[in-house]
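Participant: Turn this into a model:
(2 chains)
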2 protein chains.
Amino acid sequence: MDHAAAVRQLIEEWAAAVRARDLDRILAHHAPDLVMFDVPPPIVSKDLEAYRKTWDTFFAWSQTPTVFDIVEMDVTAGSDVAFAFALMRCAGAKDGPLDFRLTVGLRRVGEAWVITHEHHSIPAE
Amino acid sequence: MDHAAAVRQLIEEWAAAVRARDLDRILAHHAPDLVMFDVPPPIVSKDLEAYRKTWDTFFAWSQTPTVFDIVEMDVTAGSDVAFAFALMRCAGAKDGPLDFRLTVGLRRVGEAWVITHEHHSIPAE
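Facilitator: Prediction:
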């Protein structure tokens, strides 16, 4: 499998883990020092423990069954660094469907790709 | 200069071009098909012409002299793909200072680094 296909599969599996509300699988391919820019505050979450907490916030907000769909994704992969961006859809228990944007940055460590950065957002009104 | 230093310099020069309100310099290192996720709507701007228009929106909003500062930036560069993320500050003529988040994705084309993706956002309230 080429690098772009491997990165695409990793992100698809991560989104599937979110839909399954399986926190261990969600965090399975993240660096300890990853930096997250999330939809709600704070402005930045600076390590894996802070990243884990963003999912508590998400699962408290989201509807069940959980919606976390990749509508459209583009992957750019070199031999050791990659990034991907996507249009995404989730849904709140009270708020209903919410379209958002996702950018993911990755490094290759040995044979494995590891997420070191995520940026999730919606446009500001 | 190593790749990470070259990418850092390119982004610093881009931010300086924004402060100078110099549209040609702002667009000097962007791919024709770059994809922009901006702070205000729309949810996505899909090419260089749409990207150019986001700057009309920004300059109509921003104060003069223009604030567009890199507060803190992290660069990850391979030999042919790179990404960077940063905490940024700008300022609106009416709204005052605004902290935002930036992620940039780049490809190396020949000897030059080219921006193919930008994601600017603020947390949603």
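
Participant: distance between the biggest strand by length in chain A and the chain's centre?
Facilitator: In chain A, taking DSSP state E as the definition, the longest strand is strand A:96-109. Chain-centre distance of strand A:96-109: 4 Å, with Cα atoms, centre = their mean, to the nearest Å.

Participant: Just the residues contacting whichever helix or strand comes after it, thanks.
Facilitator: Per DSSP states H and E, the first helix or strand lying C-terminal to strand A:96-109 is strand A:112-121. With Cβ atoms under 8 Å, 6 or more residues apart in numbering or on different chains as the contact definition, strand A:112-121 has outside contacts at A:3, A:6-7, A:10, A:14, A:29-31, A:33-39, A:51, A:82, A:88, A:100-108, B:37, B:74, B:76, B:83, B:85, B:101, B:103, B:119, B:121-124. Placement of C-beta: from N, CA and C, glycine included.

Participant: Buried residues of strand A:112-121, list them for me.
Facilitator: For strand A:112-121, burial by neighbour count (16 or more other Cβ atoms under 10 Å in any protein chain shown) applies to A:113, A:114, A:115, A:116, A:117, A:118, A:119, A:120, A:121.

Participant: Quickly run through the sheet partners of it, with directions.
Facilitator: With DSSP bridges as the test, strand A:112-121 is paired with strand A:30-37 (parallel), strand A:96-109 (antiparallel).

Participant: Present those as a markdown table; the columns should include mean neighbour count, distance to residue B:24 and mean pLDDT.
Facilitator: Below are those laid out as a markdown table (neighbours: other Cβ atoms under 10 Å in any protein chain shown; distance: least, Cβ to Cβ, whole Å; pLDDT from 0 to 100):
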| stretch | mean neighbour count | distance to residue B:24 | mean pLDDT |
| --- | --- | --- | --- |
| strand A:30-37 | 19 | 29 | 98 |
| strand A:96-109 | 19 | 26 | 98 |
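
Participant: For residue A:81, give the beta-bridge partners.
Facilitator: Beta-bridge partners, per DSSP bridges, of residue A:81: residue A:107.

Participant: same question, residue A:30
Facilitator: Legend: beta-bridge partners of residue A:30 under DSSP bridges are residue A:115.

Participant: surely it meets residue A:49?
Facilitator: No - between residue A:30 and residue A:49 no contact is recorded; they are 11.0 Å apart, counting by Cβ atoms under 8 Å.

Participant: Relative to chain B, which of the buried residues of strand A:112-121 is nearest.
Facilitator: Of all the buried residues of strand A:112-121, chain B sits closest to residue A:121, with 3.3 Å by Cβ to the nearest Cβ.

Participant: ok, now which ones touch residue A:92?
Facilitator: Contacts of residue A:92 by Cβ under 8 Å, 6+ apart are A:61, A:62, A:63, A:98.

Participant: who's in contact with the second one?
Facilitator: For residue A:62, the residues meeting the contact criterion (Cβ under 8 Å, 6+ apart) are A:68, A:90, A:91, A:92, A:93.
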